[in-house]
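**Q** pasted the sequence and its predicted model underneath.
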2 protein chains.
Amino acid sequence: MTPVEQRFVQHFGEMGSRWGINRTVGQIYALLYLAERPLNADEIAERLGFSRSNVSMGLKELESWSLVRLQHQAGDRKEYYSTPDDVWAIFRTLAAEKRKREVDPTLSMLREALLEPPGEAGAAHAMQRIRAMHELIELASRWFDDVQRLDSKTLMQLMRLGSRVQRLLEAKNRMTLVGGRRGGG
Amino acid sequence: MTPVEQRFVQHFGEMGSRWGINRTVGQIYALLYLAERPLNADEIAERLGFSRSNVSMGLKELESWSLVRLQHQAGDRKEYYSTPDDVWAIFRTLAAEKRKREVDPTLSMLREALLEPPGEAGAAHAMQRIRAMHELIELASRWFDDVQRLDSKTLMQLMRLGSRVQRLLEAKNRMTLVGGRRGGG
DNA sequence: CAGTACGTTCAGGAATTACTGAAAATTCTA
DNA sequence: TAGAATTTTCAGTAATTCCTGAACGTACTG
């Protein structure tokens, strides 16, 4: 590994805990991300100096995040792992997994809380707060679902547009007002 | 606390580790979020059953995330804490802090890696991968900065639009093509 | 079938992170 | 300034998470 590659791998290890994964998993991912060809578990263990079993667990973890792809090579029984080439695809995957793990459980909890009959639930103020949080998260994750479906090109265009999207929305509003409103809610 | 409130607080405690904070901090935040009035550290310690010192540390942590506001009450020397009312403001704050802690350090690392003279850096493929990741993160965080500046109303409109933004972008593209392109990059 | 080449599991030790109580620091009052 | 009220710090312990080596499982080969 070149010094730059080492720094990259090291960094992913250090950031791991902030990202909700551990050092090993972070470094394995970083190594695979940079690798020119798929690597097998022994190669990973060797290059990173981790035990074979640790690498096995790390790869399972990465598989559960759908962040690595398993392949086989002709005439070799070993399992080879790689990351997708398209960084935008990676970004989407990551976002989807984070949502599933970090947001959805909360959404369920909020939904259940709101189903509680008002009398049982008590404290009106708290219920109001719960409702507000639920609305925001619901809206944000619905938006996320939607944007997930955009192709990479459109997504990039949207991002490049940045806050200038505001002008576009204003233009749209003017047109909608002129043309009349359809639908409701 | 009503059962619903208890479940809410409990949930924030349990999710804490996934969100990169600890149980105590999560529960303190949840309690403050639901509370009808600001609470002081003793009240928090009492209601959650944590030690006074733990609450003190938790509040410091929440302050470092700018997620709580410190107030004083007339004729009372105790420090009272509350969360902002506007959930969209909270959302923004959270996003900004997450970016600062979880994204910016990586961006710096990538930037430095790209400054390395090609000969020194070695492996062209790895450098290409680093460049791709850098581009994506740079673009995404620039977009984030931009969107942060939108007022809550516009932000909500954008989210409600969801993937229908694509049509808007297409309309814009048509107009841009017809009217001619300005600027470059 | 025995032997080999893998991958996985898991008990237990290492490392890290969270929490507490006691002591110290700070801030206010008289 | 002494004293009371409050917050903060921190050393030590509890709890949790991470990592390893050894044992085990599985699938292929001859």
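**A** Happy to help now that I have it.
**Q** could you list the residues in contact with the lengthiest strand in chain A?
**A** Counting by DSSP state E, the longest strand found in chain A is strand A:76-82. Strand A:76-82 has contacts (CB atoms under 8 Å, 6 or more residues apart in numbering or on different chains) with A:32, A:35, A:37-42, A:44, A:59, A:62, A:68-73. Glycine gets a C-beta too; all of them are placed from N, C-alpha and C.
**Q** in PyMOL, how would I select just the buried ones from the residues you listed?
**A** With 16 or more other CB atoms under 10 Å in any protein chain shown as the burial test, the buried ones among those are selected in PyMOL as follows:
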select buried, chain A and resi 32+35+38+39+40+41+44+59+62+68
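**Q** in chain A, where is pLDDT below threshold?
**A** By pLDDT under 70, the weakly predicted segments of chain A are A:177-185.
**Q** residues from it in reach of DNA strand D?
**A** Those residues of chain A that sit near DNA strand D, judged by CB under 7 Å from any atom of the strand, are A:17, A:21-25, A:49-54, A:57, A:77.
**Q** out of the residues you listed, grab the one that's most surrounded.
**A** The most neighbours of any of the residues of chain A next to DNA strand D, using other CB atoms under 10 Å in any protein chain shown, belong to A:V25, which has 24 neighbours.
**Q** buried sites along the helix with the most length in chain A?
**A** With residue count as the measure and DSSP state H as the assignment, chain A has helix A:124-148 as its longest helix. Of the residues in helix A:124-148, those scored as buried under the neighbour-count criterion (16+ other CB under 10 Å) are A:126-127, A:129-130, A:132-134, A:136-137, A:139-141, A:143-144, A:146-147.
**Q** same deal with stretch A:109-118?
**A** The neighbour-count check on stretch A:109-118 (16+ other CB under 10 Å) flags A:109-110, A:113, A:116 as buried.
**Q** what does it rub up against?
**A** Residues from elsewhere that reach stretch A:109-118, judged by CB under 8 Å, 6+ apart: A:121, A:124, A:127, A:130-131, A:133-134, A:137, B:3-4, B:7-8, B:11.
**Q** take the residues of chain A next to DNA strand D and keep only those in helices.
**A** Where the residues of chain A next to DNA strand D overlap with helices, as defined by DSSP H, the overlap consists of A:17, A:23-25, A:52-54, A:57.
**Q** among these, which two are most distant?
**A** Across these, the two members that end up farthest from each other (CB to CB) are A:S17 and A:R52, 23.0 Å apart.
**Q** any idea how far A:I28 is from the closest residue to A:S51 other than its chain neighbours?
**A** Take A:S51 and drop its neighbours on the chain: the residue closest to it by CB to CB, 6 or more residues apart in numbering or on different chains is A:A45, 6.7 Å away. Taken as CB to CB, to the nearest Å, the spacing of A:A45 relative to A:I28 amounts to 9 Å.
**Q** what touches both of the two?
**A** Taking CB under 8 Å, 6+ apart as the contact criterion, the common neighbours of A:A45 and A:I28 are A:V55.
**Q** ok, the two, which is more surrounded?
**A** More neighbours surround A:I28 than the other of A:A45 and A:I28, with 32 against 19 (other CB under 10 Å).
**Q** from A:A41, how far out is that one?
**A** Shown here: A:I28 relative to A:A41, a distance of 9 Å by CB to CB.
**Q** what's the overlap in contacts for these two?
**A** Applying CB under 8 Å, 6+ apart, one finds that A:I28 and A:A41 are jointly contacted by A:55, A:59.
**Q** dump the residue contacts of the spatially most central residue of chain A.
**A** Taking CA atoms, centre = their mean, the centroid of chain A lies closest to A:A95, which sits 1.8 Å from it. For A:A95, the contacting residues are A:144, A:148, by CB under 8 Å, 6+ apart.
**Q** where exactly do the strands run in chain A?
**A** Taking DSSP E as the criterion, chain A carries its strands at A:39-40, A:69-73, A:76-82.
**Q** DNA strand C: which of those is closest?
**A** strand A:76-82 (3.6 Å; CB to the nearest atom of the strand).
**Q** between strand A:69-73 and the closest one, find me the angle.
**A** 150 degrees (axes from the mean of the first three to the mean of the last three CA atoms, to 10 degrees).
**Q** list the buried residues in stretch A:152-171.
**A** Within stretch A:152-171, the residues that count as buried by 16+ other CB under 10 Å are A:154-159, A:161-162, A:165-166, A:168-169.
**Q** restricting to C-alpha, output it in PDB.
**A** This file holds the C-alpha atoms of stretch A:152-171, laid out as PDB (Å, rounded to 0.1, in the frame of the first residue of the first chain):
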ATOM      1  CA  SER A 152     -27.600   9.400 -10.900                       C
ATOM      2  CA  LYS A 153     -27.600  12.100 -13.600                       C
ATOM      3  CA  THR A 154     -30.700  13.700 -12.400                       C
ATOM      4  CA  LEU A 155     -29.500  13.500  -8.800                       C
ATOM      5  CA  MET A 156     -26.300  15.200  -9.700                       C
ATOM      6  CA  GLN A 157     -28.200  17.900 -11.600                       C
ATOM      7  CA  LEU A 158     -30.400  18.500  -8.500                       C
ATOM      8  CA  MET A 159     -27.400  18.800  -6.300                       C
ATOM      9  CA  ARG A 160     -25.500  21.200  -8.500                       C
ATOM     10  CA  LEU A 161     -28.600  23.300  -8.600                       C
ATOM     11  CA  GLY A 162     -28.300  23.700  -4.800                       C
ATOM     12  CA  SER A 163     -30.300  26.500  -3.400                       C
ATOM     13  CA  ARG A 164     -31.000  27.900  -6.800                       C
ATOM     14  CA  VAL A 165     -33.800  25.300  -6.700                       C
ATOM     15  CA  GLN A 166     -35.700  28.000  -4.800                       C
ATOM     16  CA  ARG A 167     -36.000  30.100  -7.900                       C
ATOM     17  CA  LEU A 168     -37.300  27.100  -9.800                       C
ATOM     18  CA  LEU A 169     -39.900  26.500  -7.100                       C
ATOM     19  CA  GLU A 170     -40.900  30.100  -7.200                       C
ATOM     20  CA  ALA A 171     -41.300  29.900 -11.000                       C
END
